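1. model the structure of this input:
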Amino acid sequence: MANREIRFSIGYDQGPRLMPVSEFAHLAENLGYDGITLASGSTSFDPFIILAQLAAASEHLLLSITVQVLPLIHPLILAKQVATIDQVSNGRFIFGVGIGGDRPVQFKNMGIPTTDRGIRTDESLEILKGLWTHDTFSYHGRIFEFDDVASFPRPVQRPHPPIWIAGRVGGVEIQLDGTPKRKSRSAAIRRAAKYGDGWLPYLMTPEGYGQSVDKLRAYTKEYGREDDPMTLAHTVLFSVGDDYDEALEVAAAGNPFGGHQKEFSQKYDIVGTPKDCIKRLEQYVDAGVRHFILKPYVAPALILGQVQRFARDVMPHFRG
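-> Sure, this is the predicted structure:
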């Protein structure tokens, strides 16, 4: 593994319910994690506030949001929030973004049509990059329109913090009326190829991940970005135990995406003994993954034990 730098960011989605921010930051650094990541949503803590605390409590951890639903926040507000976090962390921020849609009620409550989320996301990405790289910036799109806006502060990282485009390739989303709708198998990959500095899918097998990377490379070439840096990341849920079946049961109980079905967790999650988890992670590494976003979706009482055990029994295999 010495020739492949594999990074691990651990989720802190439970926030202060789990343990104080500063304590978790020190724990993550001492355990050897590369970063801490937070979700953003109606049932989550405000990630920017928690990340500001994490920035003050840590020195080396990469800090990320995985992921921010772009259509739900105006880009003029978001540009300042992201740049501020990048400033207070001295350039340690990674901005994971997505189109959303898995919770259509969020869009209804904000008065934003779900049908507009694609164009809103694309225009927001163009605006954010423009604000971060120009003294003043004007934009005239289908959704957003403004002239000569200056955004302060500017990010520490140049030209801007890495933007990782998240998404699920295929699958089903439930609409407001309760009817299912098939998700696109290419839109998220194309968006990553056109706008992103990283590709961050979820609910994907190693085989599917490898196929997405092949498409990503084809699309980046189409957009003339084949030589631009692109981090290959992946969000996974995990459960490490002494017995595979017991670990699978814990994972399924905590995984909300598949209706808590064992077959679903067996297909998409990192589960089992440390040896089982290493084997599965190696399959993702062989498919291209270089940064894992680890989400401990288990019962709250089990989270810290899982965070510690993964670091102790799984991560060392991927270190030097």
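
2. can you tell me the SS state at Gly96?
-> Here Gly96 takes the strand state, with states given by DSSP: H, G, I helix; E, B strand; the rest coil.

3. list the beta-bridge partners for it.
-> In this entry, Gly96 is beta-bridged to Trp164, by DSSP bridges.

4. now it: how far from Ala192?
-> The spacing between Gly96 and Ala192, counted by C-beta to C-beta, to the nearest Å, is 11 Å. Every C-beta, even on glycine, is put in place using the N, C-alpha and C of the backbone.

5. which neighbours do those two share?
-> Trp164, Gly198, Leu200 (C-beta atoms under 8 Å, 6 or more residues apart in numbering).

6. buried residues in the host helix or strand of Val271?
-> Val271 belongs to strand 270-272 when assigned by DSSP states H and E. Burial within strand 270-272, assessed by neighbour count using 16 or more other C-beta atoms under 10 Å, is assigned to Ile270, Val271, Gly272.

7. same check on stretch 235-248?
-> Thr235, Val236, Leu237, Phe238, Ser239, Val240, Gly241, Tyr244, Ala247, Leu248.

8. could you do stretch 253-262 as well?
-> In stretch 253-262, counting by 16+ other C-beta under 10 Å, buried: Gly254, Asn255, Phe257, Gly258, Lys262.

9. kindly provide the distance from Ser124 to Thr136.
-> Taking C-beta to C-beta, one finds Ser124 at 18 Å from Thr136.

10. compare the two (neighbour count), which wins?
-> Ser124 (25 against 11; other C-beta atoms under 10 Å).

11. go ahead and confirm the more buried one touches Leu72.
-> No: counting by C-beta atoms under 8 Å, Ser124 does not reach Leu72; the two are 10.0 Å apart.

12. which parts of the stretch 1-150 of the chain are strands?
-> 7-11, 35-38, 62-69, 93-98, 137-140, 145-149 (DSSP state E, counting those that start in this stretch).

13. of the ones you listed, which is nearest Asp276?
-> Among the strands of the stretch 1-150 of the chain, the nearest to Asp276 by C-beta to C-beta is strand 7-11 (16.9 Å).

14. for the closest one, what is the average pLDDT?
-> On average, the pLDDT along strand 7-11 is 98.

15. cool, stretch 150-165 as well?
-> The average pLDDT within stretch 150-165 is 97.

16. got the CA positions of that stretch in PDB?
-> The C-alpha coordinates for stretch 150-165 follow below in PDB (Å, rounded to 0.1, in the frame of the first residue of the first chain):
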ATOM      1  CA  ALA A 150     -17.500  41.500  -4.300                       C
ATOM      2  CA  SER A 151     -17.300  38.600  -1.900                       C
ATOM      3  CA  PHE A 152     -15.100  38.800   1.300                       C
ATOM      4  CA  PRO A 153     -13.100  37.000   2.500                       C
ATOM      5  CA  ARG A 154     -11.400  35.100  -0.300                       C
ATOM      6  CA  PRO A 155     -10.500  31.400   0.500                       C
ATOM      7  CA  VAL A 156      -6.900  30.500   1.500                       C
ATOM      8  CA  GLN A 157      -6.800  27.700  -1.000                       C
ATOM      9  CA  ARG A 158      -6.200  28.800  -4.600                       C
ATOM     10  CA  PRO A 159      -8.100  29.000  -6.800                       C
ATOM     11  CA  HIS A 160     -10.600  27.800  -4.200                       C
ATOM     12  CA  PRO A 161     -11.300  24.900  -1.800                       C
ATOM     13  CA  PRO A 162     -11.700  21.600  -3.500                       C
ATOM     14  CA  ILE A 163     -15.200  20.900  -4.700                       C
ATOM     15  CA  TRP A 164     -16.300  17.300  -4.500                       C
ATOM     16  CA  ILE A 165     -19.400  16.500  -6.500                       C
END
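
17. need the residues that contact the helix or strand where Tyr284 lies.
-> Using DSSP H and E, Tyr284 maps to helix 274-287. Applying C-beta under 8 Å, 6+ apart, the contact partners of helix 274-287 are 4, 6, 206-207, 209-210, 213, 234, 236, 238, 240, 244, 247, 270-272, 292, 309-310, 313-314, 317-318.

18. which residues are contacting the next helix or strand after that helix?
-> Tracing the chain past helix 274-287, the next element assigned as helix or strand by DSSP H and E is strand 291-295. If you take C-beta under 8 Å, 6+ apart as the criterion, strand 291-295 is touched by 6-11, 13, 34, 37, 64, 66, 96, 198, 200, 231-238, 270, 281, 284, 310.

19. what's the angle between strand 291-295 and helix 274-287?
-> 140 degrees (axes from the mean of the first three to the mean of the last three C-alpha atoms, to 10 degrees).

20. strands paired with strand 291-295, and their directions?
-> strand 7-11 (parallel), strand 231-240 (parallel).
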